[in-house]
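**Q** build me a structure from this.
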Amino acid sequence: MKYLGNFFAMRWCNGSTGKLVFTDVVTRLTETVAAVKAADPTVNIIIAVGHAGFPVDLEVARQVDGVDIVVGGHTNTFLYNGTNLPSSEKPLGTYPYRVTKNNGKVALCVQAYTFSKYLGHLDIMFDDNGEIMRWSGNPILLDNSVAKDSAMEALLAPLKAHVDSKGNETVARSAVKLNSNCRVAECNFGNLVCDAWIHSNIMFGTDIKWARAAIAFSNSGSIRADINRGSISYRSLKTSMPFRNDVVTVTVSGVQILYDMSQPIGQRVIDMKLRCLDCEVPKYEPLDLSANYTVLTTSFLASGGDGYDVLVTGRLDFENLGYSDSAMVVEYMAALNKVYPTEEGRIRFVSGQPQETTPAPAQTSTPGSTHTRLNNSSGPTSPHSPSTTDSSAMSVTTAFSTTL
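**A** A predicted model of the protein is given here:
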């Protein structure tokens, strides 16, 4: 038996990849399986381990001869047998999910959700030729009924004490709930984050410009959880902002975020107002397409993350400030002691309101699945049922600082 891992699919640019070259998953795995069997003809059971998402898992299982089992991730798909569900997750299909390969043989795909909430358990019987005969299994819910490993607890105890001490520190207080629902509308948490970045760069102002930059933007996927009103601990802030991206400045020659989602791609941008920088009193002014604007954003977005490749191909200048996004927020909150960010009309819906929809799985011989990213992306925070922005007619007016 051989394990092939780890495979994943690049469906969008999540950051700088340097000299890495990404090839088609099925093509490369087919070549790898052939090479493994050529090197050792006795190998007749192959398990592929990957992080490319359930649809890719299914294609690997179906198309790559020799692969018997695919253990996947990325979409955090929940599979289960039976109706007595162990928790709140709704299964997309059976565990394991049976796939009929192009050559007529059987392959099995498994995923076990996310956050180590479940432990995948799969028993398989093979014949002497390595063909799958029968199988059984189900994810095991790792709740308090499962005994903890005493040796691991002892190893982690001193580290946990240090993490708990830091995590319990109070950063500031908030008089309002910090809402992280920034997917399709303005949210006060996103406003707070971008305001914090601007605040941290006021010290770099000059006689002409009142700060290093007057504009900041962040992707909505960088804020992962709400924070309730009251004391804000370091732990809760890091839970909400876990990625520790550096804040950078990017100089661009024109950004416009008033758009109509009912229009074709490439024709949705309509208008935008930007906060002036070389002015005595900051105010919002119409976009000047001939001007250059310095904006604060994250190293993730500036490297093309979430598909914002324009921040790579269209920028005129770039500087890494060497200060993380959450560190600036901590500094800002500590300076104010008590915060109360509001929704200020930085994003306004001119016609209609965007809706979040949950697409149903494709009704084919194998289940479809949309992609959920538990990385620093604007993918949904829900690890099971992704949502998308409704493409019905709407216009969005954005005035920075805000999230995208």
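**Q** where does the protein have low pLDDT?
**A** Residues of the chain meeting the criterion pLDDT under 70: 1-18, 252-261, 263, 266-270, 348-404.
**Q** domains in it, by residue range?
**A** 25-141, 169-349 (the TED database).
**Q** between those, which one is nearest to K19?
**A** When the domains of the chain are compared by CB to CB, domain 169-349 sits nearest K19, at 14.6 Å. Placement of C-beta: from N, CA and C, glycine included.
**Q** any idea where the strands of the stretch 51-200 of the chain begin and end?
**A** Taking DSSP state E, counting those that start in this stretch as the criterion, the stretch 51-200 of the chain contains strands spanning 69-71, 97-100, 106-110, 118-119, 122-126, 132-137, 140-141, 170-174.
**Q** give me whichever of the ones you listed is most buried.
**A** strand 69-71 (a mean of 24; mean count of other CB atoms under 10 Å).
**Q** packing partners of that strand?
**A** If you count contacts as 3 or more CB pairs under 8 Å, 6 or more residues apart in numbering; DSSP states H and E, strand 69-71 packs onto strand 46-50, helix 54-63, strand 106-110.
**Q** please compute how far the last one lies from its chain's middle.
**A** Spelled out, it's strand 106-110. Centroid displacement of strand 106-110 relative to its chain, using CA atoms, centre = their mean, to the nearest Å, is 27 Å.
**Q** next, the angle from that strand to strand 132-137.
**A** 20 degrees (axes from the mean of the first three to the mean of the last three CA atoms, to 10 degrees).
**Q** for stretch 61-70, which positions count as buried?
**A** 61-64, 66-70 (16 or more other CB atoms under 10 Å).
**Q** rebuild those as CSV, extending it with distance to L316.
**A** Putting these into CSV (distance: CB to CB, whole Å) gives the following:
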residue, distance to L316
A61, 47
R62, 47
Q63, 44
V64, 45
G66, 50
V67, 47
D68, 52
I69, 50
V70, 45
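**Q** doesn't P96 make contact with S136?
**A** No: with contact defined as CB atoms under 8 Å, S136 does not reach P96; the gap is 9.1 Å.
**Q** intersection of neighbour lists for the two?
**A** Listed contacts common to S136 and P96 are L122; contacts here mean CB atoms under 8 Å, 6 or more residues apart in numbering.
**Q** H74 and D57, how far apart?
**A** 9 Å (CB to CB, to the nearest Å).
**Q** same thing with I215?
**A** 41 Å.
**Q** what about the two, which has more around it?
**A** Neighbours per residue, other CB atoms under 10 Å: of I215 and D57, the larger number sits with D57, 30 against 25.
**Q** would you turn the domains of the chain into CSV with distance to M152?
**A** Listed next are those as CSV, based on distance: least, CB to CB, whole Å:
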stretch, distance to M152
domain 25-141, 13
domain 169-349, 21
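**Q** nearest to L156, of those?
**A** Of those, nearest to L156 by CB to CB is domain 25-141, at 13.9 Å.
**Q** of all the domains of the chain, which one is nearest A154?
**A** Among the domains of the chain, domain 25-141 sits nearest to A154 (CB to CB), with 19.3 Å.
**Q** appreciated, that's everything.
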